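*Asks:* sequence and predicted model, in that order:
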Amino acid sequence: MKIPIRSVYGQTYCHESEDIEKVKRAFEVFFPKKEIKQKIQSGAYSTKIKIVYAEVKGKKARDLVKKILDRISKLEKNKILNELRLRLSEEGKFYLRFNKQIAYEKGKITLTDEEDSIQIIFSIESYPSNYATYLKILKELFS
């Protein structure tokens, strides 16, 4: 099956108390090093938060989705299938969060519901472009 994904965007935050190199290494579990960028944003109480982010399109995006699908457990795929409607927008954006610490420490891709995570957003490519089609595609991908 051709993976019908247009692009994949990911981001995570690096707070002042965190080591930016460790955060980038965790992010590299998903994205190639050369694709990773960072910017600085002001946080609460005048803190500086570094945002680590990347976006890939076309074949790179499809390869990234395949990598994620190959590396998450059947149990996690079932959890995603049960939560498809919670994770999917009307515009075909599909949202996942992965454990940043496990990605850094073990190089593994593991779902999480925690705020301090690596957020991944798939943009689904489909014709016709509608919610029912997006759901069908996602059910096929995660089954």
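*Replies:* Great, that's in hand.
*Asks:* burial count for Thr110?
*Replies:* For Thr110, the neighbour count with other C-beta atoms under 10 Å is 17. To be clear about C-beta, it is placed using only N, CA and C from the backbone, and glycine gets the same treatment.
*Asks:* that one contacts Gln101, doesn't it?
*Replies:* No - here Thr110 does not reach Gln101: they are 9.3 Å apart, not a contact under C-beta atoms under 8 Å.
*Asks:* for the spatially most central residue of the chain, give the beta-bridge partners.
*Replies:* Per C-alpha atoms, centre = their mean, the C-alpha nearest to the average position across the chain is that of Ile120, at 1.6 Å. Beta bridges link Ile120 to Gly10, Leu96, judged by DSSP bridges.
*Asks:* quick one, helices of this structure?
*Replies:* With DSSP state H as the definition, the chain shows helices at residue ranges 20-27, 58-71, 74-82, 84-87, 100-106, 131-142.
*Asks:* how about those, which one is nearest Asp116?
*Replies:* Shortest separation from Asp116 across the helices of the chain is recorded for helix 100-106, at 6.1 Å, computed as C-beta to C-beta.
*Asks:* what mean pLDDT does the closest one have?
*Replies:* Taken as a whole, helix 100-106 has an average pLDDT of 95.
*Asks:* before we move on, what about stretch 75-83?
*Replies:* Mean pLDDT, computed over stretch 75-83, is 97.
*Asks:* same check, this time on stretch 12-28
*Replies:* Per-residue scores along stretch 12-28 average to 92.
*Asks:* can you check stretch 134-143 too?
*Replies:* The average pLDDT for stretch 134-143 rounds to 95.
*Asks:* just give the nearest non-adjacent residue to Tyr53, would you?
*Replies:* The shortest distance from Tyr53 to any non-neighbouring residue, by C-beta to C-beta, 6 or more residues apart in numbering, is to Gln11 (4.0 Å).
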